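Got a predicted model here, sequence first, then my questions.
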Amino acid sequence: MDPLLISALSVALLAVAGKLVEKAMLGAALESSVQPFKDWLTRDNKRAKAEKDLEKAFVPAFSRRWLP
């Protein structure tokens, strides 16, 4: 192979690797900073689901216990 071609390919490969590393680091940083917002945004849905699940568990148990 021509040394000039090898040099050009290695520079391009390093540029691509650098972009991949940069994107991976940025993605991890964004994910960790966005997670508290996601938790805050979905807290009411999680609470409503937990209440509904609790109701599904308690209503049949109380119905059998106190209804004839």
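Yes, it's here. Residues are numbered from 1 along each chain as shown.

average model confidence for stretch 54-68?
Per-residue pLDDT over stretch 54-68 has a mean of 77.

Name the SS class of the residue positioned nearest the centre of the chain, please.
The C-alpha lying nearest the average C-alpha coordinate of the chain belongs to Glu31 (C-alpha atoms, centre = their mean; 6.8 Å). Recorded secondary structure, Glu31: helix (DSSP: H, G, I helix; E, B strand; the rest coil).

Okay, helices next: where are they in the protein?
In the chain, the helices defined using DSSP state H lie at 3-66.

Report pLDDT for the residue nearest to the centre of the chain.
What the model reports for Glu31 is a pLDDT of 78.

Could you check how far it is from Leu20?
16 Å (C-beta to C-beta, to the nearest Å). (C-beta placed from N, C-alpha, C; glycine too.)

same question, Arg43
35 Å.

For Ser7, give its distance to Ala61.
75 Å.

same deal with Leu4?
Applying C-beta to C-beta, the value for Leu4 to Ala61 is 79 Å.

what's the answer for Leu26, then?
50 Å.

Lys52: neighbour count?
If you count neighbours by other C-beta atoms under 10 Å, Lys52 ends up with 10.
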